[in-house]
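# Test case, fold it:
(2 chains)
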Amino acid sequence: MRKWKNNVFVAVTGACALLSCGVLLLIVGAIFFRGLPAISWNFFTEQIRLVGAAGGIFYNLVGTLILISTALVVCTPVALGVGLLCGVYGRHSRWRERFMVLLHLLNGVPSILFGILGLIVFVKFFGWGKSWLSGGILLGAMILPTVTIALIERIESLPAKYLEAAAGLGLNTSQIIWSVIVPQSLNGLITGSLLGLARAAGETAPIMFTATIFAGATLPHGIKESPVLSLPYHIFVLAQDSFDPSVGEKLWGTALVMVGMVVLLSLIALPMRLRIHEEAYHP
Amino acid sequence: MSIAGWKRRATPTLLFSFGFSAVAVLFLLMMLVLFLWQSIPVWRHEGFGYLFGKQWFYRGQQFGALPMIYGTVVVAALALVMAALVGIGTAIFIAEFLPSRARLIVKIMVELLSGIPSVVYGLLGVLFLRNWVYAALAHFDPLSGDTLLTAALLLAVMILPTIMTLTDDALRGVPSAQRTAARGLGLTHTETILSVTLPQAAPGVLSAVLLGLGRALGETIAVFLVVGRQDNQWPSNLLSLRPLIESGQTLTSKLGGSETHIAYGDPLHWAAIVGLGLILLALTVAVTMTGIRLGTRKASDA
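From the prediction side, this is the model:
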């Protein structure tokens, strides 16, 4: 009887595992095999034509790259500031705890709310209209928890003897920070950023009201009224009314390019990804 | 950091660190203040009726958020139940029965997949899931494949990797000596898991489920594409299953829709839209804080 119960349990959990892996493989398979026919050199170098039915996704790719590099530039100094506060200056104070709670709250904010916030602040109050800069700032704020938590984790795992040796040489706090702590924890910052950018590249909700349009933009000039095209918004718009089969093929191609980009970014950061989960709370 | 003479002098580095930390705090504060302030007119206009009203007709200046709250709660709860059952089952299998190399392969696959953008899930929902749901429900004669159930199914698939991988972490966190001891007492694998491993991993499993819930509540794009976006869908009978196979509206799908653009000119209408954002913010903050409470309690128990 107990043996029998054991077998049933293994069978049930095994079935769950098969189901989840099956579903996930199905998803990847569908994207890969549907998207592959669309991929060619021209797909990457041409503009979209005929409302997405022909041509390529050059400016969408460029737009997404502009958005995520802006996000990186916006996010890095803030992440470094908070990281030093939590990992060095306030390491044993209550401020570390408070900032960790803040980062987790920020991480839990739904992405559409960043979009609404951007619509109020950048589009309307600042009068920027749709602009690549507001999209970059919003995405930067969105990925801040991911980058910062990865950085803090790295700073706190530095061997104490590094710091003792530096202090023994007579370096002051700032010198220790810039010559030991920051260089030694740089790979935390880099992998955290890669994970963050993988998320930012695929987000639609924060940028659809604030930064991106479907067609008719090339490279941005200035800040006001200078939207960019982007990969996720391209898919979002076409998914809502794609009955033309040639649109369908390009659509899957775009999805494949985006998934490839995300997987590539997270693959580089995989060791970090397996060690920490920025979503999970580690007190 | 145990360094003697660690003094806090106002060096440029300290100012840099504190200054940018203040930026992060101010950003979150600004978000909260803006959502409160911009939604004031609708609270004045509707009072608490805004939360409990069942009618949303912006031309008639009627704003009741209840159908959207209902949609969000139903879709998230349904998705969570499905994803938690399958996800926890999977995690038990890969953490307890698979050899560690196979486990690592599954784990890597899941980690990479958890990054698939929501718009891609939305696309899969539009082109496949919607039609499958329509065909499967043909017997009940639904109006279309865009239903609350479709959205919940899609969300369940999306949060599955999160729940799976975090539950697996929690299970692996239980010391293996405890398993060996239980096995030595003559318990079967199953009994060991159910009476030793799972109870010990419970806080971790629960916070995995809460994180899944947080994601499910806030997901916009995928839900937007398959939920049907039908306003004023308040079911006459709360216990009936019929509303699940009809179109609906969630807080996020409303916020992501074109009404957000139309609303800006009219202060009251705009306040009603921002108010939906405020409700969503309150929901997700509550879920996140619960998760954090659980996390801290676990740490102080240990």
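
# what's the nearest residue to residue A:57 if we skip its chain neighbours?
residue A:254 (5.6 Å; CB to CB, 6 or more residues apart in numbering or on different chains). In this view, the C-beta of every residue, glycine as well, is placed from N, C-alpha and C.

# Sorry, slip of the keys, the one I care about is residue B:261.
The spatial neighbour of residue B:261 that comes closest, neighbours along the chain excluded (CB to CB, 6+ apart), is residue A:209 at 7.5 Å.

# residue contacts, that neighbour?
A:115, A:116, A:118, A:119, A:123, A:130, B:260, B:261 (CB atoms under 8 Å, 6 or more residues apart in numbering or on different chains).

# Test my guess that the third one contacts residue A:133.
No - between residue A:118 and residue A:133 there is no contact, the gap being 10.3 Å when judged by CB atoms under 8 Å.

# Between those two, point out the one with more neighbours.
Legend: neighbour count by other CB atoms under 10 Å in any protein chain shown for residue A:118 and residue A:133, higher for residue A:118 (27 against 21).

# State the helix or strand in which the more buried one lies.
helix A:111-118 (DSSP states H and E).

# so what's in contact with residue A:118 and residue A:133 at the same time?
Here residue A:118 and residue A:133 have residue A:211 as joint contacts, going by CB under 8 Å, 6+ apart.

# neighbours around residue B:103, how many?
For residue B:103, the neighbour count with other CB under 10 Å is 17.

# any idea how far it is from residue A:247?
As for residue B:103, its distance to residue A:247 is 41 Å (criterion: CB to CB, to the nearest Å).

# can you pull out the helices in the stretch 151-283 of chain A?
Under the criterion DSSP state H, counting those that start in this stretch, the stretch 151-283 of chain A carries helices at the ranges A:160-168, A:173-176, A:182-184, A:186-202, A:205-208, A:231-240, A:245-268, A:270-275.

# Using a markdown table, lay out those together with mean neighbour count.
Formatted as a markdown table, the helices of the stretch 151-283 of chain A follow (neighbours: other CB atoms under 10 Å in any protein chain shown):
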| stretch | mean neighbour count |
| --- | --- |
| helix A:160-168 | 14 |
| helix A:173-176 | 18 |
| helix A:182-184 | 15 |
| helix A:186-202 | 24 |
| helix A:205-208 | 28 |
| helix A:231-240 | 24 |
| helix A:245-268 | 20 |
| helix A:270-275 | 16 |
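
# Please convert the ones you listed to a markdown table, extending it with mean pLDDT.
Formatted as a markdown table, the helices of the stretch 151-283 of chain A follow (pLDDT from 0 to 100):
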| stretch | mean pLDDT |
| --- | --- |
| helix A:160-168 | 90 |
| helix A:173-176 | 89 |
| helix A:182-184 | 91 |
| helix A:186-202 | 90 |
| helix A:205-208 | 90 |
| helix A:231-240 | 89 |
| helix A:245-268 | 86 |
| helix A:270-275 | 74 |
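
# what's the closest of the ones you listed to residue B:26?
helix A:205-208 (18.4 Å; CB to CB).

# ok, and what's touching the closest one?
A:67, A:110-112, A:114-115, A:118, A:135, A:138-139, A:142, A:230, A:232-233, A:236, B:220-221, B:252, B:256.

# what's around residue B:200, how many residues?
Neighbour count of residue B:200, defined by other CB under 10 Å: 16.
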